[in-house]
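Trainee: generate coordinates for the sequence data below:
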Amino acid sequence: MDFDAGKYAIYIWPAFGITVSAFAWMIVDSLAQARRWKAELARLQAELEARP
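Mentor: Below you'll find the predicted structure:
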């Protein structure tokens, strides 16, 4: 794989870094949101079971 971007490297590498960072943030945020929804579901189920 050739990583030589030539004279455009000043544009390509920052764009690549921003893209990787954005994808990483989306993954982390999605996992955190799933954890929050799971906790909310558990809370609602416990609340429902506590009803007479």
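
Trainee: any idea how far M1 is from I12?
Mentor: 14 Å (C-beta to C-beta, to the nearest Å). (Each C-beta comes from the backbone N, C-alpha and C, glycine too.)

Trainee: what sits in contact with each of these two?
Mentor: With contacts defined as C-beta atoms under 8 Å, 6 or more residues apart in numbering, no residue is shared by M1 and I12.

Trainee: higher neighbour count, those two?
Mentor: Neighbours per residue, other C-beta atoms under 10 Å: of M1 and I12, the larger number sits with I12, 12 against 2.

Trainee: dump the residue contacts of the more buried one.
Mentor: Contacts of I12 (C-beta under 8 Å, 6+ apart): A5.

Trainee: read off the pLDDT value for it.
Mentor: Looking at I12, its pLDDT stands at 94.

Trainee: check the secondary structure at it for me.
Mentor: helix (DSSP: H, G, I helix; E, B strand; the rest coil).

Trainee: going forward, count from 13.
Mentor: Done: numbering now begins at 13, and the last item shifts to I24.

Trainee: ok, now how distant is it from T31?
Mentor: On the measure of C-beta to C-beta, I24 and T31 end up 10 Å apart.

Trainee: and V40, its phi and psi?
Mentor: Here is the backbone geometry of V40 (degrees, to the nearest 10): phi -60, psi -40.

Trainee: show the pLDDT at it.
Mentor: pLDDT for V40: 99.

Trainee: just A58 next, same as before
Mentor: For A58, the pLDDT comes out at 96.

Trainee: then R63?
Mentor: Listed pLDDT for R63 reads 88.

Trainee: what's the local residue count around it?
Mentor: Neighbours of R63 (other C-beta under 10 Å): 5.

Trainee: gap between it and Q57?
Mentor: 11 Å.

Trainee: please state the offset of the helix or strand hosting Q45 from the chain centre?
Mentor: Secondary structure from DSSP states H and E places Q45 in helix 21-62. Its chain's C-alpha centre and that of helix 21-62 lie 4 Å apart, by C-alpha atoms, centre = their mean, to the nearest Å.

Trainee: good, we can wrap up now.
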